[in-house]
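Student: Sequence first, then the predicted structure:
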Amino acid sequence: VLLCLLFSMKQFFDLLKEMDVNLVTISTKVNAAVSRLEKKYEVQLALFQRFERTCAKIYINAADAVAAADVQQVIRSCWTLFLLAKGKVLQMEDDLVISFQLLLCVLEYFIQRSPPSVLQEPFKTAADGPLHAPPTRASRRSHGRGARSSPKPAPPDQRVLEALCKENDCEVEEVKNVYISSFTDFLESVGLSGSQGIPKTDNLSSQYEEIYLKSKDFDARLFLDHDETLQPVKLDPSEFERTPKKHHLEEEVISVPPQTPVRAAMNSIQQLMVFLNSASDQPAGKLVHYFSNCTVDPSDDITRRVESLGRLFSERFAQSVGHRCMEIGSQRFVLGVRLYYRVMESMLKSEEERLSVQNFSMLLNNAAFHTSLLACALEVVMATYGWSTFKSGGSSETDLSFPWILDVFQLKAFDFYKVIESFIKAEPSLTREMIKHLERCEHLIMENIAWRADSPLFELLHQSREQEGVVEQAEPPSTLNQPLQHNHTAADLYLSPVRTPWKKGQSIANNVPQGPDCPTSSSSQPQVPSLKHLKSTSLSLFYKKVYRLAYLRLNLLCSHLLSDHPELEPIIWTLFQHTLQHESELMRDRHLDQIMMSAMYAICKVKNIDLRFKTIVTAYKGLPNTSQETFKRVLIRESQYDSIIVFYNNVFMQKLKTNILQYASPRVRAKQFEASPPQSNSLFPLLRVADNTASNNVYISPLKSARMSPSVMTPRTRILVSIGESFGTSEKFQKINQMVSNSEWSLKRSLDNDRTPKPLKRLRFDMDGQDEADG
């Protein structure tokens, strides 16, 4: 179809994005399928481009037409065998690194079977082995018997693998592991065990045809023919990086092509290996000393936990990537364990310097701490090997992307967030890209993952409100623009709640209380008294971070949409923050940005600013790290989802209409609400009188009739009472009480007669994406 339309795959993807201009054009299901297809195409394109460059260095550019045709036939067979192997070995076909390692295995297989006359150095010398010698009569008889008994294929040639890996900056042991654990089984499954010749292209092509017809996406064999539909958009040379280079005392600017995805992936893996190759996958040195100093030695629990989680990780990795890839998963897990012990030791050294103690019994016997720390280490490893880290211009999720590791370990996101910041501080070798990735994981947790229905966050919120009445005090925007300054570590957060900071000389084993957000793995933990009235440090810090993230995203969206109305941003923020602080149930199974967009629309509506939801979501799509599912699929009620406009009408506005109405008055300015947002859910806000009335004159206006505008009230229709001055007898206060009671009775009667002002108008999208009044 694309060929008939003279469209390339890239043009097709761009066209779909242009078509999706409102909420209903493309469903989330179709959008997810297209996104996965686009990732698969990008991976396949990157692999083919690398394949062409590598083959140009392996095979000679023959001048003889016959020899050139033979070389092209070998290359065609090699690429087709790779496509067949990739389709049979990998369930997750958008895994760039494993796919590339599998490609190197295929190249090694063909180099060993190619005539030496068509090979270039160093591959010609490296491949000079028994496979290139003419077969003897005995070997032919052996091969004939082998065809019946299907002997196992020969192991990879170490010299050929080393030459390939050196050319492509790849780890030899990793490629060898893929060859032994996955590629040899594949060769047996397609009947190539023991074969010493070049496989026939037609046979390979017919087997790949079955895979292609099942997937029905695109035929990757067409890359060999440079089919127009699969060609990438050609880069303008002016878009290349320009690097100054000195030459003869003058600066000469040369063009450098951008780094390829494969090269970026290999470089990132090498950077990780630099400090993990020398690390131990067992506790050693100072770490063993910390374990032995604990009141309850955690060594056995830690070892058992690592072994158990290792088996679970490898099984789930194989389920996601391919059943032949369990050994690859085990190899990744070992790297994660090395990083886990390395960071743990660094954290404990910092705690020792901070607290002047060496007994970390309660922390080191905390199961949530260990599981979270190991999960964070594995997330670093998985992201290093993952495609999402290297895709320029944004992130690209795969089946192994965060929060996959949380699901594997059944780890709550709220527990995981506690370790991220300390992990980054404890490992100085993390690259800038990896630090950004971990920060993005923290943002994902604060945006929606920690707000899932089964999250311990909601129980902590409930307890906090019962004990203190408020989760975290509201902050003015002036402070939210500044980086969050705090001295809490992972130890503080996992052993929270605590109210006061640690004092030097105190032992974490005996002086740190445990709260509801601090599960432990050992029943032999020291018993501590009930801590009902202690504040949860982890909850307080979480909300401070949520406030900053929410404000920065709101500020960015306002800069796109409300640059002509800067006075509205603090009012929108007040409503937004009030919702997070007092109506946190609205966040259950929802996204932070859904509340943000609803708050923006509500304030603009009551302030008579013409800003439609369609305009909001269009601008929202242009923000970094956003998904269309955020506004296309919003929880309305249990198991029912709809667009954000339906959420606004049926949930957000219904819950907050009274609060929203308080902003409708033109007398309301941002500064009135900036420091203390409305907190009352009653029809009118409660009036509070200060206790020290003798020294403060407080003026109170009585409850006014809903049918009478303040602008038309006169001294006869309203009474001003000054408290703090001599007022007279108590009878006057009784008359005031009677007047208020009568006003309340009158208000209730008017509500029964349906003569109150209409509530805020509800809104919906019509077919053209316009907002409609309803009410």
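Tutor: Alright, I've got the coordinates.
Student: Tell me if I'm right that residue 85 and residue 101 touch.
Tutor: No. Residue 85 is beyond contact range of residue 101, at 11.1 Å (criterion: CB atoms under 8 Å). C-beta coordinates here come from the backbone N, C-alpha and C atoms, glycine included.
Student: Pull out the buried positions in stretch 111-130.
Tutor: Burial within stretch 111-130, assessed by neighbour count using 16 or more other CB atoms under 10 Å, is assigned to 111-114, 118-119, 122-124, 126-127.
Student: I misspoke; the intended subject was stretch 356-369.
Tutor: 357-369.
Student: out of those, who's nearest residue 636?
Tutor: residue 368 (33.0 Å; CB to CB).
Student: low-confidence ranges in the stretch 101-250 of the chain?
Tutor: 129-154, 233-250 (pLDDT under 70).
Student: Show me the strands in it, by range?
Tutor: 241-247, 250-256 (DSSP state E, counting those that start in this stretch).
Student: Switch the buried residues of stretch 356-369 over to JSON lines; also include secondary structure and distance to residue 197.
Tutor: Formatted as JSON lines, the buried residues of stretch 356-369 follow (DSSP: H, G, I helix; E, B strand; the rest coil; distance: CB to CB, whole Å):
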{"residue": "357", "secondary structure": "coil", "distance to residue 197": "69"}
{"residue": "358", "secondary structure": "coil", "distance to residue 197": "66"}
{"residue": "359", "secondary structure": "coil", "distance to residue 197": "67"}
{"residue": "360", "secondary structure": "coil", "distance to residue 197": "63"}
{"residue": "361", "secondary structure": "helix", "distance to residue 197": "65"}
{"residue": "362", "secondary structure": "helix", "distance to residue 197": "65"}
{"residue": "363", "secondary structure": "helix", "distance to residue 197": "62"}
{"residue": "364", "secondary structure": "helix", "distance to residue 197": "59"}
{"residue": "365", "secondary structure": "coil", "distance to residue 197": "61"}
{"residue": "366", "secondary structure": "coil", "distance to residue 197": "60"}
{"residue": "367", "secondary structure": "helix", "distance to residue 197": "56"}
{"residue": "368", "secondary structure": "helix", "distance to residue 197": "57"}
{"residue": "369", "secondary structure": "helix", "distance to residue 197": "57"}
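Student: you'd agree residue 635 is in a strand?
Tutor: Yes. The assignment for residue 635 by DSSP: H, G, I helix; E, B strand; the rest coil puts it in a strand.
Student: In three-state terms, label the nearest residue in space to it that is not next to it in sequence for me.
Tutor: Once flanking residues are discounted, residue 635 sits nearest to residue 589: 4.9 Å by CB to CB, 6 or more residues apart in numbering. Here residue 589 takes the coil state, with states given by three-state DSSP.
Student: wait, doesn't residue 577 sit right on residue 474?
Tutor: Yes. Counting by CB under 8 Å, residue 577 touches residue 474, with 5.4 Å between them.
Student: neighbour-wise, which of these two wins?
Tutor: Neighbour tally, residue 577 and residue 474, criterion other CB atoms under 10 Å: the higher count belongs to residue 577, 25 against 20.
Student: who does the helix or strand that one falls within touch, helix- and strand-wise?
Tutor: Assigned by DSSP states H and E, residue 577 belongs to helix 568-582. With contacts taken as 3 or more CB pairs under 8 Å, 6 or more residues apart in numbering; DSSP states H and E, helix 568-582 sits against helix 477-480, helix 537-561, helix 592-606, helix 653-661, helix 670-674.
Student: ranking those helices by burial, who's on top?
Tutor: Stretch with highest mean neighbour count among the helices and strands packed on helix 568-582: helix 592-606 (a mean of 24; mean count of other CB atoms under 10 Å).
Student: Compute the inter-axis angle for that one and helix 537-561.
Tutor: Angle between the axes of helix 592-606 and helix 537-561 is 50 degrees (criterion: axes from the mean of the first three to the mean of the last three CA atoms, to 10 degrees).
Student: Would you mind pulling up the elements that helix 592-606 packs against?
Tutor: Here helix 592-606 touches helix 432-447, helix 537-561, helix 568-582, helix 613-621, helix 629-632, helix 644-647, helix 653-661, going by 3+ CB pairs under 8 Å, 6+ apart.
Student: Including distance to residue 8 and mean pLDDT, could these go into TSV?
Tutor: Below are these laid out as TSV (distance: least, CB to CB, whole Å; pLDDT from 0 to 100):
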stretch	distance to residue 8	mean pLDDT
helix 432-447	29	96
helix 537-561	31	95
helix 568-582	43	94
helix 613-621	24	93
helix 629-632	27	92
helix 644-647	34	96
helix 653-661	45	93
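Student: Any chance of a markdown table for those helices, columns distance to residue 51?
Tutor: Formatted as a markdown table, those follow (distance: least, CB to CB, whole Å):
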| stretch | distance to residue 51 |
| --- | --- |
| helix 432-447 | 26 |
| helix 537-561 | 41 |
| helix 568-582 | 51 |
| helix 613-621 | 35 |
| helix 629-632 | 35 |
| helix 644-647 | 44 |
| helix 653-661 | 56 |
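Student: looking at those helices, which is closest to residue 454?
Tutor: Of those, nearest to residue 454 by CB to CB is helix 432-447, at 14.2 Å.
Student: For the closest one, output the C-alpha coordinates as CSV.
Tutor: The C-alpha coordinates for helix 432-447 follow below in CSV (Å, rounded to 0.1, in the frame of the first residue of the first chain):
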residue,chain,number,x,y,z
ARG,A,432,24.5,12.1,33.0
GLU,A,433,22.0,10.2,30.9
MET,A,434,21.5,7.5,33.6
ILE,A,435,21.0,10.2,36.3
LYS,A,436,18.3,11.8,34.1
HIS,A,437,16.7,8.4,33.6
LEU,A,438,16.5,7.7,37.3
GLU,A,439,15.1,11.2,37.9
ARG,A,440,12.5,10.4,35.2
CYS,A,441,11.6,7.2,37.1
GLU,A,442,11.0,9.3,40.2
HIS,A,443,8.8,11.7,38.2
LEU,A,444,6.8,8.8,36.8
ILE,A,445,6.2,7.6,40.4
MET,A,446,5.1,11.1,41.5
GLU,A,447,2.9,11.6,38.4
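Student: which helices and strands does it pack with?
Tutor: Helix 432-447 packs on helix 367-385, helix 413-426, helix 537-561, helix 592-606, going by 3+ CB pairs under 8 Å, 6+ apart.
Student: angle of that helix against helix 413-426?
Tutor: Using the same axes, to 10 degrees: helix 432-447 against helix 413-426 is 150 degrees.
Student: now the next helix or strand after helix 432-447, how far from the chain's geometric center?
Tutor: Once the chain leaves helix 432-447, the next helix or strand it forms, by DSSP H and E, is helix 457-468. Relative to its chain's centre, helix 457-468 lies at 27 Å (CA atoms, centre = their mean, to the nearest Å).
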